[in-house]
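In: Show me the folded form of this:
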Amino acid sequence: MASVLFFIVVFGTIEFGLAIFRHNMVADLAQEGARWAAVRGSSSSMPASAAELQTFVQTRAPNFTVTVTATPADPSAAAPGGTIAVRVQSSYSPLTALIPGATLNLESTARMIVLR
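Out: Numbers count the residues shown, from 1 in each chain. From the prediction side, this is the model:
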């Protein structure tokens with residue numbers, strides 16, 4: 001009985017740690033995406049599209065899928081001095097069946113002032 005309780009606590013701790021890691025990663029990806037889009041505004045020599053922003057953020061996500069939304073929808077339309085917001089969403093399903101059918105929807109938004 002004690003070993004069952006021990007393994008539930010160990011696996012629960014691992015699942016909680018993985019969920020916190022994923023949440024922090026989504027927040028970091030939103031910040032990186034906002035920073036990347038802020039230097040690729042309307043007056044930049046390399047303006048960014050929404051698809052390029054999605055690709056940039058997705059390449060930095062380690063083995064999970066994210067959905068990226070920018071405001072304005074086309075980052076290249078953002079004028080210098082304006083604000084761009086990047087929202088990153090992902091879902092996390094636990095690896096073990098301690099909580100059956102549990103899925104966490106994680107999201108984070110970062111805003112930056114467009115530099116170029």
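In: Every contact and neighbour count from this point should use C-alpha atoms.
Out: Will do.
In: Can you tell me the centre-most residue of the chain?
Out: In the chain, the centroid-proximal residue (C-alpha atoms, centre = their mean) is residue 26; its distance is 2.8 Å.
In: and the helix or strand harbouring it, which residues are buried?
Out: Assigned by DSSP states H and E, residue 26 belongs to helix 2-38. Going by neighbour count (16 or more other C-alpha atoms under 10 Å), the buried part of helix 2-38 is 12, 15, 19, 22-23, 25-38.
In: what's the answer for stretch 43-56, then?
Out: 43, 47-50, 53-54, 56.
In: Endpoints of it, how far apart?
Out: Distance across stretch 43-56, first residue to last, is 20 Å (C-alpha to C-alpha, to the nearest Å).
In: cool, stretch 70-87 as well?
Out: 6 Å.
In: Closest one of the buried residues of stretch 43-56 to residue 68?
Out: residue 54 (5.6 Å; C-alpha to C-alpha).
In: one step back: touching, the residue nearest to the centre of the chain and residue 110? I think so.
Out: No - here residue 26 lies out of contact with residue 110, judged by C-alpha atoms under 8 Å, at a distance of 10.5 Å.
In: picking that back up, the helix holding residue 26 - what's its average pLDDT?
Out: Taken as a whole, helix 2-38 has a mean pLDDT of 93.
In: Which pLDDT value belongs to residue 75?
Out: Here the pLDDT value assigned to residue 75 is 88.
In: Kindly apply the preceding question to residue 102 instead.
Out: With respect to pLDDT, residue 102 has a value of 82.
In: Pull the contacting residues for it.
Out: Counting by C-alpha atoms under 8 Å, 6 or more residues apart in numbering, residue 102 touches 93-94.
In: ok, it to residue 19 distance?
Out: Separation of residue 102 from residue 19 (C-alpha to C-alpha): 12 Å.
In: Overlap in contacts, the two.
Out: Counting by C-alpha under 8 Å, 6+ apart, the residues touching both residue 102 and residue 19 are residue 94.
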